[in-house]
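**Student:** what's the 3D shape of this:
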Amino acid sequence: MLLTAFKGNNNTSKILLDSVYGDHIHKKLLTNSFPACEREIIEAIAAYRPDHVISFGQKPLIDRLYIEPVACSNGEILESAFSISALKDSLSAYGIPFEVSDNPSNYLCNHAYYHGLQYIEKNRLHTKMVFIHVPGRKRFENMDVVAAWLHDFCGDRL
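**Tutor:** Numbers count the residues shown, from 1 in each chain. I've put the predicted structure just below:
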């Protein structure tokens, strides 16, 4: 399992990633730059060859997790092969509020996600990748529960 988040001491995606540990979990912090995060996500997938990738990014004004089933670039849409229904069922079992997004952004999160999915597709990997937005610090009231869920969810994927 590979988990990614974006760098920054106040970035809740990084804070969440810092709270999850396990021998079976690889972590990569991505740089807040379009060319760097693209290169880093590809390098991490190539190095670890994970079965699953869950990438996280901060979206300050939301109050729940947002599952991103697709990424887009220049009108091209790439769909996640990750089991969104399994993800939804697992989050629901923990009582974690979430939404499934229908509007991919045009910012760093979408950029890293798109290029990760593109690399997986182009190289015919069996890796399943998904992106999840997390709230900003002021609105992320259940980070401990999300960290516990993530730790358990990662263990279940082995």
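**Student:** What helices and strands are in contact with the helix or strand containing residue 14?
**Tutor:** When elements are assigned from DSSP states H and E, residue 14 belongs to helix 12-18. In terms of contacts (3 or more C-beta pairs under 8 Å, 6 or more residues apart in numbering; DSSP states H and E), helix 12-18 is packed against strand 2-6, strand 26-30, strand 52-59, strand 128-135, helix 143-156. The way it works is simple: take the backbone N, C-alpha and C, and place the C-beta from them, glycine included.
**Student:** so which of those gets nearest residue 78?
**Tutor:** strand 128-135 (9.5 Å; C-beta to C-beta).
**Student:** Each with direction, which strands does the closest one pair with?
**Tutor:** strand 52-59 (parallel), strand 65-68 (antiparallel) (DSSP bridges).
**Student:** Let me know whether residue 143 touches residue 16 as I believe.
**Tutor:** Yes: Residue 143 sits in contact with residue 16 when judged by C-beta atoms under 8 Å, with a separation of 6.2 Å.
**Student:** Please enumerate the shared neighbours of these two.
**Tutor:** Any residue near both residue 143 and residue 16 by C-beta atoms under 8 Å, 6 or more residues apart in numbering counts here, and that gives residue 134.
**Student:** Between those two, which has more neighbouring residues?
**Tutor:** Here residue 143 and residue 16 are set side by side on neighbour count (other C-beta atoms under 10 Å), and the busier one is residue 16, at 21 against 15.
**Student:** so residue 133 bridges to which residues?
**Tutor:** Note on residue 133: beta-bridge partners residue 57, residue 66, judged by DSSP bridges.
**Student:** any low-confidence regions in this structure?
**Tutor:** 156-158 (pLDDT under 70).
**Student:** what's the span of stretch 6-25, first residue to last?
**Tutor:** By C-alpha to C-alpha, to the nearest Å, the extent of stretch 6-25 from end to end equals 17 Å.
**Student:** before we move on, the earlier item: out of the strands paired with strand 128-135, nearest to residue 35?
**Tutor:** Proximity to residue 35 (C-beta to C-beta) singles out strand 52-59 among the strands paired with strand 128-135, at 16.8 Å.
**Student:** So what touches the closest one?
**Tutor:** Strand 52-59 is contacted from outside by 1-6, 11-13, 16-17, 41, 45, 66, 82, 105, 108-109, 112-113, 116, 127-136, 150, 154, 157, using C-beta under 8 Å, 6+ apart.
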